[in-house]
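1. Here is a sequence with its predicted model. Questions after.
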Amino acid sequence: MAKENAIFNDEDILNEEFTESFDFDELEEKLQSQLEEELADMQFLAEEKEKIGNPDNLGNVIMDVVWEQFLNQVAVTAGEDFIKENNGLHLDLRNEAHIQTTENFAEGKIATHNTKIDYQQRYDDWQSNFQKDPNIEHKNSNYRYNDDQKVWEKHDNRSGSWKKVLNKDARSDFDKGRPTGKNTANTNMDHTVSAGEIIRDPAANAHMTREEQIAFANSEKNLNLMDSAANQSKGDSTMSEFLDSERDGKKATERFNIDEEALRKKDAEAREEYEKQKKEAEEKSIAAGKQSQKKEAFRVGGKALRAVLMQLLAELVREIIAKLVKWFKTANKALDTLLDSLKEAIHSFIGKMKTHLINAGNTVFSTVATAIIGPVFGTIKKVWMMLKQGWSSLKSAVKYIKDPANKGKTVGILLMEVGKIVIAGLTGAGVLLLGEVIEKGLMTIPVFAFEIPLLGSLANILGIFLGAVVAGIIGAIVINFLDKLISKKQKEDVSAAKIEKGNQVIAKQHQIQIVNEVLLDRDKENAQSNISERHQEAASIMKNAYGNIMEDFVEDFSENEYLPIIDAEDVITNKKIEKVSNDLDDLLEGLK
């Protein structure tokens, strides 16, 4: 374009050679097309000027942040509600959290999530049987205090092991229901598997109730009539430890005259029954743990499902409200147009179902994460939203600056536009911060501490929206101020652009005028050339015709020797007038 414009700035450069070789008709058509484009650009600039200063999307960022925080609060509250219903425990579906093992029980690692059996209570009751007070004095040197387990221990010479020291009343429950022996026969009813062994056994205490332990201890399978002295000597030792022990070189069978074979047989039968009952109790513990595990999974699943349903309902309500606002702005507020708006809302909701399902997955994740981590997850999510909003603003600012469409804009407008993006991001973050501050203030008032299922406290809800209002107003004022500055600058730029574009249109019209003048001169020259050529052709024809006439006249006159002598001009006139007339007619026909 610049090249072509330079060609036609001066009419004098259009010499004859250039005029003959250049296609001015094509050039005229091209210039006319460019003129139409320039005029269209002027129309576009006029329309853009009308749009400047009328931002329709002010506050959308704030609204989106509030909405996202609202949906996040639904999920977080669902997780917190789960914790409340889960006896204050966070979500834990691991086996060790529900299924109590003997090894973990012995180490004090309790399956606290098991809702079928209170293993913590069992553990506490078990530990209450032992001497725990480190200030108790034991004069005998075979006592020691275990600092790791916080319990007194006594060295058992028969087994060569350290055994926990029982409190004085630890066996009382076992002795209450035990049948007595016969005083006349000097016998006692002995626990084959001793009460002390059962009390110290972590497997029995983890999986069997106290009543089940006592019932076995005092059952026929375990009770055995024994000499009183032998029974006292046996004490808490196992039957094998008692029978294998020696005193003064003599074993128990020699000292007390007892039947070792019968006692060992009785011990084997009692222990078989003891292990059987412990095994059955352990299987019940595993089954109870699995039931508890499943129940907790269903419990958190139900909370997550309710949160998702509420989120989807809220999304639908959001669509409906948006369409209602649009309907309120229309001139025709009839029932049928209202129904059409509602249909549009439903169609829009269904059309965004993929996005809704993605958000639903996020809600499930947030619910479960809150159930696992606790209310701290809500804080983490808020911080994440603030970081995300800030990062989004930064990316938008960089993208705006790098956009080729904005390269022609002045530095001032670019800075102000970027400022709008940053302010929007800060406003979104301010919504969260102010919402939290307002919530803490409202929580001091009892009525605002009221909990709404799956929504949280009234203070929290009001905090979110009041925070949004305050931050939104501040952000709107700043953004609106920047909009006005940008609007003023853009209007000035558009006005200057319109003037420049007008000058370009005038220049283009001048170029077309020059071309038209050149074309007119060319047409004149062509017409003059054609006339001259026709005149020359006519002169040639007339000259030839005259020569022919004279030749014909001389020939005719010489052939007729009897004709009277007459003047030559009369002969010509009389004899060839008709032929000249015909030749002139042919000439005129050729000039048409």
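-> Looks like it arrived, so ask away. Residues are numbered from 1 along each chain as shown.
2. got the contact list for the closest residue to L263 other than its chain neighbours?
-> Among residues not flanking L263 along the chain, M239 sits closest, at 6.0 Å (CB to CB, 6 or more residues apart in numbering). No exception for glycine: its C-beta is placed from N, CA and C like everyone else's. With contacts defined as CB atoms under 8 Å, 6 or more residues apart in numbering, M239 is in contact with 192, 263-264, 266-267.
3. got a list of contacts for stretch 122-137?
-> 105, 108, 110, 145, 150-152, 164-167, 170, 199, 202, 205-206, 209-210.
4. which among those end up buried?
-> 105, 110, 145, 151-152, 164-166, 170, 199, 202, 205-206, 210 (16 or more other CB atoms under 10 Å).
5. if we take the residues you listed, which one ends up nearest to F298?
-> I110 (22.5 Å; CB to CB).
6. So the closest one, which state does it fall into?
-> coil (DSSP: H, G, I helix; E, B strand; the rest coil).
7. before we move on, what about M226?
-> Relying on three-state DSSP, one would call M226 strand.
8. Neighbours of the closest residue to it other than its chain neighbours, how many?
-> Excluding the flanking residues, the one nearest M226 by CB to CB, 6+ apart is D190, at 4.1 Å. The tally of other residues near D190 (other CB atoms under 10 Å) stands at 23.
9. now do the one 4 residues further on
-> Other residues within reach of S194 by the criterion other CB under 10 Å amount to 22.
10. again with H356
-> Neighbours of H356 using other CB under 10 Å come to 18.
11. ok, now E344?
-> The number of residues near E344, taken as other CB under 10 Å, comes to 16.
12. Ok, the one 3 residues further on next?
-> Burial of H347, expressed as a neighbour count using other CB under 10 Å, amounts to 12.
13. I'd like to know which helix or strand in the chain has the lowest mean pLDDT.
-> helix 2-7 (a mean of 47; mean pLDDT, DSSP states H and E).
14. quick one, strands of the stretch 1-150 of the chain?
-> For the stretch 1-150 of the chain, the strands defined by DSSP state E, counting those that start in this stretch occupy 143-146.
15. okay, the contacts of M239 in TSV with neighbour count, pLDDT and secondary structure next?
-> TSV is the format used below for those (neighbours: other CB atoms under 10 Å; pLDDT from 0 to 100; DSSP: H, G, I helix; E, B strand; the rest coil):
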residue	neighbour count	pLDDT	secondary structure
T192	24	95	coil
L263	22	93	helix
R264	13	95	helix
K266	19	95	helix
D267	19	95	helix
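16. Tell me which two of those residues sit farthest apart.
-> T192 and R264 (10.3 Å).
17. From G235, how far off is S341?
-> 88 Å (CB to CB, to the nearest Å).
18. Between those two, point out the one with more neighbours.
-> Applying other CB under 10 Å to S341 and G235 shows that S341 carries more neighbours, namely 19 against 12.
19. Shouldn't that one be within a helix?
-> Yes: S341 sits within a helix when classified using three-state DSSP.
20. Quick check, it in contact with L324.
-> Yes: applying CB atoms under 8 Å, one finds S341 in contact with L324, separated by 6.5 Å.
21. quick one: pLDDT of N142?
-> At N142, the model reports a pLDDT of 92.
22. got it, and the one 10 residues further on?
-> Note on W152: pLDDT of 96.
23. Likewise for the one 10 residues further on?
-> W162 is assigned 95 on the pLDDT scale.
24. Same check on A304?
-> 85.
25. Check A314 too.
-> A314 is given a pLDDT of 74.
26. For the remainder of this discussion, apply numbering that starts at 361.
-> Noted, 361 is the first residue going forward, which turns the last one into A674.
27. Can you report how many residues neighbour it?
-> 14.
28. Tell me who's in contact with it.
-> Applying CB under 8 Å, 6+ apart, the residues near A674 are 430-431, 434.
29. In ChimeraX, how would I select the buried members of these?
-> With 16+ other CB under 10 Å as the criterion, this ChimeraX line picks the buried residues out of the contacts of A674:
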select :430,431,434
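30. And what about W512, helix, strand or coil?
-> strand.
31. bridging residues for it?
-> Y505 (DSSP bridges).
32. I figured it was touching N502, is that so?
-> No: with contact defined as CB under 8 Å, W512 does not reach N502; the gap is 11.2 Å.
33. Let me see the backbone angles for D493.
-> Backbone torsions for D493, taken as degrees, to the nearest 10, come to phi -70, psi 120.
34. ok, back up a step: which ones among the contacts of A674 map onto helices?
-> Members of these lying in helices (criterion: DSSP state H): 430-431, 434.
35. got those residues as JSON lines, with pLDDT and distance to I646 columns?
-> Shown next, in JSON lines, are the ones in helices among the contacts of A674 (pLDDT from 0 to 100; distance: CB to CB, whole Å):
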{"residue": "F430", "pLDDT": "70", "distance to I646": "43"}
{"residue": "L431", "pLDDT": "72", "distance to I646": "40"}
{"residue": "V434", "pLDDT": "75", "distance to I646": "37"}
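36. thinking again about what came up before, counting contacts, what elements does whatever helix or strand the residue nearest to M586 lives in pack onto?
-> Secondary structure assignment for D550, by DSSP states H and E: strand 547-551. Applying 3 or more CB pairs under 8 Å, 6 or more residues apart in numbering; DSSP states H and E, one finds that strand 547-551 makes contact with strand 583-587, helix 588-594.
37. Give the buried residues for the shortest one.
-> This means strand 583-587. 583-584, 586-587.
38. Same question for the last one.
-> Using 16+ other CB under 10 Å as the burial criterion, the residues of helix 588-594 that qualify are 588, 590-591, 593-594.
39. now, which of these sits nearest R538?
-> N591 (11.5 Å).
40. Give me the distance between that closest one and E704.
-> In terms of CB to CB, N591 sits 90 Å off from E704.
41. Tabulate the helices and strands packed on strand 547-551 in TSV, adding columns for distance to P494 and mean pLDDT.
-> Shown next, in TSV, are these (distance: least, CB to CB, whole Å; pLDDT from 0 to 100):
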stretch	distance to P494	mean pLDDT
strand 583-587	36	91
helix 588-594	30	90
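42. L695 is nearest to which of the ones you listed?
-> Nearest to L695, of the helices and strands packed on strand 547-551 and by CB to CB, is strand 583-587 at 88.0 Å.
43. packing partners for that closest one?
-> strand 547-551, helix 620-689.
44. For that strand, which outside residues touch it?
-> By CB under 8 Å, 6+ apart, strand 583-587 touches 538-539, 541-542, 546-552, 594, 616-618, 623, 626, 630.
45. Quick one, which of the residues you listed are buried?
-> Judged by 16+ other CB under 10 Å, buried ones among the contacts of strand 583-587: 538, 541, 547-548, 550-552, 594, 616, 618, 623, 626, 630.
46. Wait, E642 touches H567, no?
-> Yes: counting by CB under 8 Å, H567 is a contact partner of E642 at 4.6 Å.
47. So for these two, which sits in the more crowded spot?
-> Taking neighbours as other CB under 10 Å, E642 and H567 compare with H567 leading, 26 against 19.
48. ok, now how distant is the more buried one from P806?
-> 47 Å.
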